[in-house]
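how would this look folded up:
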Amino acid sequence: METINQKTALVTGADRGLGLSVAKGLLKEGWRVFAGKYLADYSLLEDLAAEEKSLSILPLDVSDPESVRAAAERIARDAGKLDLLVSNAALMGGNARCAVGGDAPVDTDALLLSFRTNSLAAPILTDRLLPLLEKGEMKRLFFTSSEISSVRLQRRTGDVRYAMSKTALNLGVRLLFNSLRPRGYTFRLYQPGWMKRVNPDGSRVAGAQIDPDESAEEALRLIREDRIDEDRLVLTDYLGHELSF
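Residues are numbered from 1 along each chain as shown. Predicted coordinates:
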C-alpha cells in the first residue's frame, strides 16, 4: 500500500531480464515502481502488475524524447517525485553486429539507434527527470553498463554498436557525475555480467553465465547501500568487483 514516505523509482527496460528483476526486488522492499515497457511481445510486466499495486507500467522508448517527456509527466502527475532512476534499457548487437572490415557492412541506422538508446538516453532521461529527482530524498542514479565498455580492456573486433555505445554511456555518466555529485546525487555504474536471455513466458534461454535474478541481487545491494567513497565514480560488476573503464 502506497504511503506518503514511499520511495519511488523509474526502471527503464523493465520488460524482461535485469530491469524486470530489479523492479521485482524494489517492489518487495516496499518501493513504488514505474516500469518502462518497450517490447510488445512480452507481458511479464502485466503479470507482475496484477499482483503488485505499487507497480505502474509506462510505455517508454528511451530513444524518443517525446516518449521520455510523456513518461516524466506521468510520474509527476502520479507521484510528484522520484528517488531513484535505473537507466537500464539497451539494444544489443542483433543483425548489425559485425567486425569492422568484415563480411557485413555496419548498419548505420542500427548504429545510430543504439547510440540514442544505450548512450544518449542517460543524460536525456536524467535532464528530463531532474525536477522530480530534486524533490526525492535519495537522489540515486543507476546506469547499466557492460564489461565490453572498457577501452583499456577491449580486445574484441565485433560488437561495434554495443561496445561503442556502452563506452559512450560511461563517459556520459562521468559528465553527469561531475555536474550532479556536488548537488548531493549518488551514482551506480553497473556491469551485470553475461545474463541468460528471458523468453516471453519467463523461461531462460540455455547458455550465458548468470541468471538476471542473481545479477539483480547485487544491483539492489548497490542501490540500497551507501558507500564510504561516494565522491568517486566506479564501475562495479555483479560479483562486487571494481572494473577499469
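
quick check, central residue of this protein?
Centroid-nearest residue in the chain: residue 88, 1.3 Å away (criterion: Cα atoms, centre = their mean).

can you pull the contacts of that residue?
Counting by Cβ atoms under 8 Å, 6 or more residues apart in numbering, residue 88 touches 11-14, 18-19, 22, 142-144. (Glycine included, C-beta is placed from N, CA and C.)

okay if I get these as a markdown table plus pLDDT, neighbour count and secondary structure?
Listed next are the contacts of residue 88 as a markdown table, based on pLDDT from 0 to 100; neighbours: other Cβ atoms under 10 Å; DSSP: H, G, I helix; E, B strand; the rest coil:
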| residue | pLDDT | neighbour count | secondary structure |
| --- | --- | --- | --- |
| 11 | 98 | 30 | strand |
| 12 | 98 | 28 | coil |
| 13 | 97 | 27 | coil |
| 14 | 98 | 32 | coil |
| 18 | 98 | 26 | helix |
| 19 | 98 | 27 | helix |
| 22 | 98 | 31 | helix |
| 142 | 98 | 22 | strand |
| 143 | 98 | 23 | strand |
| 144 | 97 | 26 | strand |
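
can I get the residues you listed in a markdown table with distance to residue 177?
A markdown table is the format used below for the contacts of residue 88 (distance: Cβ to Cβ, whole Å):
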| residue | distance to residue 177 |
| --- | --- |
| 11 | 20 |
| 12 | 19 |
| 13 | 21 |
| 14 | 24 |
| 18 | 21 |
| 19 | 22 |
| 22 | 21 |
| 142 | 12 |
| 143 | 10 |
| 144 | 16 |
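
check which residues of stretch 134-151 are buried.
By 16 or more other Cβ atoms under 10 Å, the buried positions in stretch 134-151 come out as 136, 138-150.

ok, back up a step: need the max-distance pair from the contacts of residue 88.
Greatest spatial distance among the contacts of residue 88 (Cβ to Cβ): 14 and 143, at 14.7 Å.

quick one on the thing from earlier: if I look at the residue nearest to the centre of the chain, how far off is residue 212?
To residue 212, residue 88 is 11 Å away according to Cβ to Cβ, to the nearest Å.

quickly list what's touching both of these two.
Counting by Cβ under 8 Å, 6+ apart, the residues touching both residue 88 and residue 212 are residue 18.

just checking, next helix/strand downstream of the longest helix seen in the chain?
Identified as the longest helix of the chain according to DSSP state H is helix 160-180. Proceeding N to C from helix 160-180, the next assigned helix or strand is strand 186-191, under DSSP states H and E.

the inter-axis angle of that following strand versus helix 160-180?
Per axes from the mean of the first three to the mean of the last three Cα atoms, to 10 degrees, the angle that strand 186-191 makes with helix 160-180 is 160 degrees.

packing partners of strand 186-191?
strand 140-144, helix 160-180, helix 212-224, strand 235-237 (3 or more Cβ pairs under 8 Å, 6 or more residues apart in numbering; DSSP states H and E).
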